[in-house]
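J.: No letters, just coordinates:
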Ligand code: 5AD
Ligand code: SF4
């Protein structure tokens, strides 16, 4: 074991759940070469940023971080700084001149090279490892996991959809799925280790396909839920075009698959969906929602929505508000559009909605959604919900925080319970983001 400070590492993770899962994979590669995970940045001789490029503000956050690390490197000449993930994959070598703190760059398909990049940086120079490799699924790698209760299980990587606003196809490359048998093996190991929740991950998880076996995502989900019958199974993110009746029926048939679907809509206007290259209309989206609700009446739906995409008129924005009001999603991730260099929109469309208009529209969307979430959460008062306790609540160790199957956060009196317990909670109060309650039975 190389225990001295130069051989300890710390990873800051930005962005989506896939990045969180990737941090576990990078850590596994570094640990396999004898590097040790530091408990905080100050103790680490190697600092990695695992980055997200999906929106401009995510990129801004990295810039601030790199400035801070540059100051640190001036004080500690041996400190090694690497940037991994989506930003280096599309900003490439220009990052070295923009941010002098950086010693090496690694893209989403080259995490295996990180230990050797560290070694090479030690002998001098700056290095980039940014090849795409559509065969790389990190199959068989056992990630270092942050939690003993919930685990991410990446089942596919990359995206072939080419939504006009989205940089992901350019940073994460083409879709590729993990072999069916590898996913099942990982799930079996996690179940045996006592994990209570597993989230199957993919940029476009429901386009999962094991061609050799002829299995789609519904087949995989069914098999996973049977392999780990005591474990909550979740999955994200789904694309509307790949929601099938067989997938929804599988969720209904298997008790341990959470009744919860994250289904990004991006806009309530078919004209905008066309410009966004989403591959479906609003009528088709509504049909998918109707299909889901006909089979899963209690489903918790959530979505992503973008305000102010290229060419968005006031009536398109109104259509987004109408859609939110009609569907009444449990929750939504809401963004204003920012151009991402290299995307279809950056090349072919004009970013013509002025920033104050984008921000005003986004605020209207947020206000409406908060009202709806608040109303839905109020309706939960007096009901008993099943909660998986995840951790102590931030405010007090006398309370725990957990989630319902529909992914609602619940803070409740701890009594005799511990993180990892699945219990019934009586809901006594609610805000638009959190339910509060107490155990329904002791
Ligand atoms: N601007 C704003 N939001 C974006 N998203 C993706 N690209 C952009 C962009 N250029 C949002 C989408 C996607 C989520 C992960 O991020 O809503 O579903
Ligand atoms: Fe981006 Fe669209 Fe792929 Fe999602 S489905 S990662 S929004 S290109």
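T.: Sure thing, it's come through. Because the structure is predicted, anything quoted here is derived from the model rather than measured. Ligands and ions are numbered 1, 2, ... in the order given.

J.: Can you give me the end-to-end span of stretch 44-60?
T.: Counting by Cα to Cα, to the nearest Å, you get 24 Å between the two ends of stretch 44-60.

J.: That should have said stretch 174-188, apologies.
T.: OK, stretch 174-188 end separation, Cα to Cα: 28 Å.

J.: Can you give me the neighbour number for residue 45?
T.: 20 (other Cβ atoms under 10 Å). Glycine gets a C-beta too; all of them are placed from N, C-alpha and C.

J.: For it, which residues are in contact?
T.: Counting by Cβ atoms under 8 Å, 6 or more residues apart in numbering, residue 45 touches 4-9, 78-80.

J.: Over to residue 44?
T.: Taking Cβ under 8 Å, 6+ apart, one finds 5, 8-10, 38 in contact with residue 44.

J.: Looking at those, spot the one nearest residue 338.
T.: residue 10 (28.6 Å; Cβ to Cβ).

J.: Make sure the closest one is indeed in a helix.
T.: No. Using DSSP: H, G, I helix; E, B strand; the rest coil, the secondary structure at residue 10 is strand, not a helix.

J.: re earlier: by neighbours, which of the contacts of residue 45 wins?
T.: Busiest of the contacts of residue 45 [other Cβ under 10 Å] is residue 9, holding 25 neighbours.

J.: Any idea how many residues pack against the residue nearest to it when sequence neighbours are not counted?
T.: What sits nearest to residue 9 in space, not counting adjacent residues and going by Cβ to Cβ, 6 or more residues apart in numbering, is residue 46, at 4.0 Å. Neighbourhood size, residue 46 [other Cβ under 10 Å]: 26.

J.: The one 10 residues further on now?
T.: Using other Cβ under 10 Å, the number of residues around residue 56 comes to 13.

J.: Quick check: closest non-adjacent residue to residue 295.
T.: In space, and not counting its chain neighbours, residue 295 is closest to residue 248: 4.6 Å by Cβ to Cβ, 6+ apart.

J.: Heading C-terminal from the one helix or strand that neighbour maps to, find the next helix or strand.
T.: Here residue 248 sits within helix 245-253, counting by DSSP states H and E. Toward the C-terminus, helix 245-253 is succeeded by strand 260-262 as the next helix or strand (DSSP H and E).

J.: residues in the stretch 51-200 of the chain within reach of ligand 2, list them.
T.: For the stretch 51-200 of the chain, the residues in contact with ligand 2 (Cβ under 6 Å from any ligand atom) are 159, 161-163, 166, 168-169.

J.: what about 8 Å?
T.: Neighbours of ligand 2 within the stretch 51-200 of the chain, by Cβ under 8 Å from any ligand atom: 54, 159-163, 165-169, 172.

J.: Quick check: residues of the stretch 301-442 of the chain near ligand 2?
T.: So the stretch 301-442 of the chain meets ligand 2 at residue 304 (Cβ under 8 Å from any ligand atom).

J.: for the stretch 301-442 of the chain, what spans make up the strands?
T.: Ranges of strands in the stretch 301-442 of the chain, per DSSP state E, counting those that start in this stretch, are 331-336, 384-392, 399-404, 409-413, 422-430, 434-439.

J.: wouldn't residue 216 be in contact with residue 223 here?
T.: No. Contact between residue 216 and residue 223 fails when scored by Cβ atoms under 8 Å: they sit 11.3 Å apart.

J.: The longest helix anywhere in the chain: which residues count as buried?
T.: Longest helix in the chain, counting residues (DSSP state H): helix 355-379. Using 16 or more other Cβ atoms under 10 Å as the test for burial, helix 355-379 gives 357-358, 361-362, 364-365, 368-370, 372-373, 376-377.

J.: Could you export those as TSV, including pLDDT?
T.: Formatted as TSV, the buried residues of helix 355-379 follow (pLDDT from 0 to 100):
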residue	pLDDT
357	98
358	98
361	98
362	98
364	98
365	98
368	98
369	97
370	96
372	97
373	95
376	95
377	95
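
J.: what bridges to the residue nearest to residue 9?
T.: Residues in a beta bridge with residue 46, per DSSP bridges, are residue 9, residue 80.

J.: quick one: residue 398 and residue 411 touch, right?
T.: No. Using Cβ under 8 Å as the test, residue 398 is too far from residue 411 to be in contact (10.7 Å).

J.: Those two - which one has more neighbours?
T.: Between residue 398 and residue 411, counted using other Cβ under 10 Å, residue 411 has the larger neighbour count: 19 against 10.

J.: Next one: the nearest residue to that one once chain neighbours are set aside from ligand 2, what distance?
T.: In space, and not counting its chain neighbours, residue 411 is closest to residue 393: 4.8 Å by Cβ to Cβ, 6+ apart. Per Cβ to the nearest ligand atom, to the nearest Å, residue 393 is found 32 Å from ligand 2.

J.: For residue 393, what are phi and psi?
T.: With angles defined as degrees, to the nearest 10, residue 393 sits at phi -70, psi 160.

J.: residues touching whatever residue of the stretch 101-250 of the chain ends up closest to ligand 1, list them.
T.: Residue of the stretch 101-250 of the chain nearest ligand 1, by Cβ to the nearest ligand atom: residue 165 (4.1 Å). Shown in contact with residue 165 (Cβ under 8 Å, 6+ apart): 266, 276, 306, 309, 337, 340, 343-345.

J.: Let's see that with 10 Å instead.
T.: Contacts for residue 165 were tallied using Cβ atoms under 10 Å, 6 or more residues apart in numbering; they are 54-55, 266, 275-278, 306, 309-310, 335, 337-340, 343-346, 349, 351.

J.: what do you get for residue 114?
T.: By Cβ under 10 Å, 6+ apart, the contact list for residue 114 reads 9, 25-27, 29-30, 33, 35, 46, 48, 82, 84, 104, 106, 129.

J.: In strands only, show me those residues.
T.: Here DSSP state E is the test, and the contacts of residue 114 give 9, 46, 48, 82, 84, 104, 106, 129 as lying in strands.
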